[in-house]
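Engineer: I'd like to go over a predicted model; first the sequence, then the structure.
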Amino acid sequence: MAIRWEKKEHIAYLTLHSSWEGNLIDAATLSQLADACEAIEVDNDVRVVILWSAGPDFSLGWDWKQMEEGVLSLPLTHAFDVLADLPRPVVCAVDGRCFSAGLELALACDVRVCSQGARFAFPEMMWGLVPLGGGIQRLARAVGRSWATYLLFTGAEVDAQQALAMGLVSQVAYEGETALSVAEVLARLIAEKGPIAVRYAKEAVQKGMEMPLGQALGLEADLTIILQTTADRAEGVRAFLEKRPPRFTGS
């Protein structure tokens, strides 16, 4: 499977596409993902990212042939961390099946939305394996210990409404809608906000969850102080007082 990216206005689209069924994730996929994220990171015009699949399924997981040959290894999976650490909000749009490494990709995103027909599973333990792209830790942080252990130990497949109920996704598309259309509405909404404030909010949430509360509150306060020095913060205050939409520049 390959990954391509393009930019439309302030939104970067990371697209999974393959001529083979299932959008299997291989070494080339991970390398392209890391390269795309690095390019997006230095593009100051990008305010939000959408990760989606051009096929009927988001991804069925790893390329098992490469797994058997030993091509896929732990060093390659740093691409999941690069995606998770991207200093832009990332919205994942899931249509169809999202299994194994595909679900690990989705979990590395900040927000997940899906279509009515979406399905999610970690079937690795059926074959004596475990997720190797950070999926165990990110799943537990997304849905809590009880749901995480249930999904991991059983390999159970959950549908869109179950995923919504456990907090695996934040929104399910209406019947006839695609996950991408829902993600685009959400991305445009995020892109309207102050880009520096959004980045700092992501940093505060992401890093703060790994800290004791007092330390996390200190990080939040530090980021708030830095934000006060930006032109966007001044523009936001002026726009509020003048009762007009703000014109943020990301500075």
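Structural biologist: Thanks, I have the structure now.
Engineer: drop to CA atoms for contacts and neighbour counts, all remaining ones
Structural biologist: Fine.
Engineer: This protein - how does it break down into domains?
Structural biologist: 2-191, 195-242 (automatic domain parsing).
Engineer: Between the ones you listed, which one is closest to residue 248.
Structural biologist: Proximity to residue 248 (C-alpha to C-alpha) singles out domain 195-242 among those, at 5.5 Å.
Engineer: and the end-to-end length of that closest one?
Structural biologist: 20 Å (C-alpha to C-alpha, to the nearest Å).
Engineer: centre of the chain versus it, how much separation?
Structural biologist: 20 Å (C-alpha atoms, centre = their mean, to the nearest Å).
Engineer: same check, this time on stretch 180-188
Structural biologist: 13 Å.
Engineer: Need the residues that contact it.
Structural biologist: 11, 48-50, 52, 91-94, 113, 173 (C-alpha atoms under 8 Å, 6 or more residues apart in numbering).
Engineer: Using CSV, lay out the domains of the chain together with distance to residue 248 and mean neighbour count.
Structural biologist: Converted to CSV, the domains of the chain look like this (distance: least, C-alpha to C-alpha, whole Å; neighbours: other C-alpha atoms under 10 Å):
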stretch, distance to residue 248, mean neighbour count
domain 2-191, 10, 19
domain 195-242, 5, 15
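Engineer: you'd agree residue 103 is up against residue 122?
Structural biologist: Yes - judged on C-alpha atoms under 8 Å, residue 103 makes contact with residue 122 at a distance of 7.4 Å.
Engineer: Look at the most centrally placed residue in the chain and report its pLDDT.
Structural biologist: The centre of the chain sits closest to residue 109, judged by C-alpha atoms, centre = their mean, with a distance of 1.3 Å. Per-residue confidence (pLDDT) for residue 109: 98.
Engineer: I'd like to know how far it sits from residue 81.
Structural biologist: On the measure of C-alpha to C-alpha, residue 109 and residue 81 end up 10 Å apart.
Engineer: got it, and residue 152?
Structural biologist: Residue 152 is 20 Å from residue 81, by C-alpha to C-alpha.
Engineer: which residues in the chain form helices?
Structural biologist: 27-41, 64-69, 78-84, 101-107, 135-143, 145-154, 160-166, 179-191, 195-208, 213-227, 231-242 (DSSP state H).
Engineer: can you redo those as TSV with distance to residue 126?
Structural biologist: Rendered in TSV, the data for those read as follows (distance: least, C-alpha to C-alpha, whole Å):
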stretch	distance to residue 126
helix 27-41	23
helix 64-69	14
helix 78-84	23
helix 101-107	15
helix 135-143	15
helix 145-154	8
helix 160-166	21
helix 179-191	29
helix 195-208	31
helix 213-227	38
helix 231-242	51
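Engineer: Show me the least confident stretch of these, going by mean pLDDT.
Structural biologist: Lowest mean pLDDT of the helices of the chain: helix 64-69, a mean of 65.
Engineer: Residue 128: which of the helices of the chain is closest?
Structural biologist: helix 145-154 (10.9 Å).
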